[in-house]
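>>> heads up, no residue letters with this:
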Ligand code: V47
Ligand code: SF4
């Protein structure tokens with residue numbers, strides 16, 4: 001038996017694949033065999049149903065004290081293009097989202113040097129007042145760590161305050177590549193990978209769900225990606241608090257790492273990464289193809305490679321687009337539904353916590 005057949009037997013028998021096997025798959029050129037196996041593992045879990053939601057992003061500020069080398073979004077306060085929304089703007093965007101049928105507001109932003117903790121609580125209260133039933137998914141683990149320092153409160157107390165103000169769950173950003181040697185090159189000022197995991201552990205302990213991302217296609221190796229997924233799989237075994245894994249394809253414009261010619265990128269690599277995530281992260285229910293970074297065509301193709309979630313309508317995305325993402329600013333509900341149908345799958349609109357709202 002060749003190595004892929006051995007892995008295939010394990011997957012079909014419901015056994016966990018190990019790090020060396022996952023690395024072997026990432027290094028293998030046999031995309032179709034890997035994709036078929038990932039599609040099998042996905043269909044065993046999720047059938048032919050593919051999730052999406054109707055949501056809106058609000059990036060309240062791009063002013064940030066960090067200077068992550070891959071980031072085209074952040075500015076210093078006095079740089080051209082720096083902005084901060086006031087609460088009125090946040091309320092307006094929420095009402096607009098509600099009118100468009102959104103069930104989720106996704107809020108992330110830079111680490112602003114001057115805003116008080118109260119601003120964040122007021123921001124959540126403003127969204128909740130404008131749309132009492134909407135789910136607020138907000139703040140990466142990096143922001144939560146920053147807010148806890150700002151508030152002078154423990155992680156648990158910070159989360160409790162944010163929950164009281166309306167926080168419903170957390171997005172998965174800021175994970176980048178967890179291994180510290182890679183972070184030292186990517187984002188030396190950012191919290192460590194260990195701290196990212198510790199914050200997520202606290203988030204799950206506080207009863208909140210979150211996602212987990214992986215920014216790939218820059219300076220990392222395949223082994224770094226597997227190491228990243230291993231750490232997520234271990235934490236998920238412990239807490240069960242991750243809802244979805246979302247690989248984020250690196251966008252190259254307007255940032256200091258953009259000149260890199262990393263051979264570990266492109267459509268085949270995107271699909272292989274998603275497929276291996278499905279196979280290796282056997283304790284994650286949902287593998288999400290984030291169409292903003294992948295483009296709609298690869299995101300759609302990914303539905304045949306183990307993916308069961310396409311994120312949402314998004315609306316006004318800045319982080320990927322500032323870095324050159326060629327995808328549109330938003331997709332309508334009808335666009336997503338037809339994209340899923342054309343892949344021979346069944347579109348299911350979900351809410352943030354994966355309650356099914358409507359099958360199309
Ligand atoms: O944390 C920054 C990444 C993240 C670039 O949890 C970049 O549902 C690619 O986390 N190229 C923010 N990526 C986005 C994010 C996210 C998006 C959609 C859904 C969810 C979810 C989470 O974007 C950042 C960083 O890792 N990022 N710059 C870039 N040049
Ligand atoms: Fe700031 Fe986030 Fe950009 Fe890093 S990725 S510079 S923390 S906005």
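Here it is on my side, so go on. Only a predicted model underlies this, so the values are computations on that prediction, with no experimental measurement involved. Ligands and ions are numbered 1, 2, ... in the order given.
>>> Quick one: name the residues of the stretch 101-250 of the chain near ligand 1.
Counting by CB under 6 Å from any ligand atom, the stretch 101-250 of the chain comes close to ligand 1 at 140, 171-174, 176, 211, 213, 215, 246, 248, 250. C-beta here means a position set from N, CA and C on the backbone, and glycine is covered the same way.
>>> what about the helices in the stretch 1-150 of the chain?
Here the stretch 1-150 of the chain has its helices, by DSSP state H, counting those that start in this stretch, at 3-12, 19-27, 31-46, 87-99, 117-130, 141-151.
>>> what helices or strands is the fifth one leaning on?
Which is helix 117-130. With contacts defined as 3 or more CB pairs under 8 Å, 6 or more residues apart in numbering; DSSP states H and E, helix 117-130 has these neighbours: helix 87-99, strand 104-107, strand 135-138, helix 141-151, helix 155-165.
>>> among the ones you listed, which is nearest ligand 2?
helix 141-151 (5.6 Å; CB to the nearest ligand atom).
>>> Give the helix, strand or coil label for residue 245.
Following DSSP: H, G, I helix; E, B strand; the rest coil, the label given to residue 245 is strand.
>>> I'd like the distance between the spatially closest residue to it that is not a sequence neighbour and ligand 1.
Among residues not flanking residue 245 along the chain, residue 284 sits closest, at 4.8 Å (CB to CB, 6 or more residues apart in numbering). Remark: distance between residue 284 and ligand 1 (CB to the nearest ligand atom, to the nearest Å) = 13 Å.
>>> If you tally nearby residues, what's the number for residue 284?
Residue 284: 22 surrounding residues under other CB atoms under 10 Å.
>>> Verify the contact between it and residue 241 for me.
No: with contacts counted by CB atoms under 8 Å, residue 284 stays clear of residue 241, the gap being 10.9 Å.
>>> Any chance of a markdown table for the helices of the stretch 1-150 of the chain, columns distance to residue 77, mean pLDDT and mean neighbour count?
Formatted as a markdown table, the helices of the stretch 1-150 of the chain follow (distance: least, CB to CB, whole Å; pLDDT from 0 to 100; neighbours: other CB atoms under 10 Å):
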| stretch | distance to residue 77 | mean pLDDT | mean neighbour count |
| --- | --- | --- | --- |
| helix 3-12 | 51 | 94 | 15 |
| helix 19-27 | 41 | 97 | 18 |
| helix 31-46 | 45 | 97 | 19 |
| helix 87-99 | 18 | 97 | 17 |
| helix 117-130 | 15 | 98 | 19 |
| helix 141-151 | 16 | 98 | 21 |
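>>> Name the residue of this structure that lies nearest to ligand 1.
residue 173 (2.6 Å).
>>> rewinding a little: for the helices of the stretch 1-150 of the chain, which one sits closest to residue 266?
helix 31-46 (11.2 Å; CB to CB).
>>> counting contacts, what elements does the closest one pack onto?
Helix 31-46 packs on helix 3-12, helix 267-280, going by 3+ CB pairs under 8 Å, 6+ apart.
>>> Of all those helices, which one is nearest ligand 2?
Nearest of these (CB to the nearest ligand atom): helix 267-280, 20.0 Å.
>>> Nearest residue to residue 95 in space, please, no chain neighbours.
Per CB to CB, 6+ apart, closest to residue 95 is residue 130, 5.2 Å.
>>> what's the offset of stretch 28-45 from the middle of its chain?
Offset of stretch 28-45 from its chain centre (CA atoms, centre = their mean, to the nearest Å): 21 Å.
>>> ok, now stretch 179-194?
Worked out by CA atoms, centre = their mean, stretch 179-194 lies 18 Å from the chain centre.
>>> Next: stretch 293-310.
14 Å.
>>> So which bits of that stretch are buried?
The neighbour-count check on stretch 293-310 (16 or more other CB atoms under 10 Å) flags 293-296, 298-310 as buried.
>>> Equivalent analysis for stretch 178-193, please.
Result for stretch 178-193 [16+ other CB under 10 Å]: buried residues 178-179, 182-183, 186-187, 190-191, 193.
>>> which residues does the closest residue to residue 120 other than its chain neighbours contact?
Using CB to CB, 6+ apart and skipping the chain neighbours, the partner closest in space to residue 120 is residue 147 (5.9 Å). Residue 147 sits next to 117, 120, 139, 158, 162 when contact means CB atoms under 8 Å, 6 or more residues apart in numbering.
>>> what do you get if the cut-off is 10 Å, keeping everything else the same?
111, 115, 117, 119-121, 139, 153, 155, 158-159, 161-162 (CB atoms under 10 Å, 6 or more residues apart in numbering).
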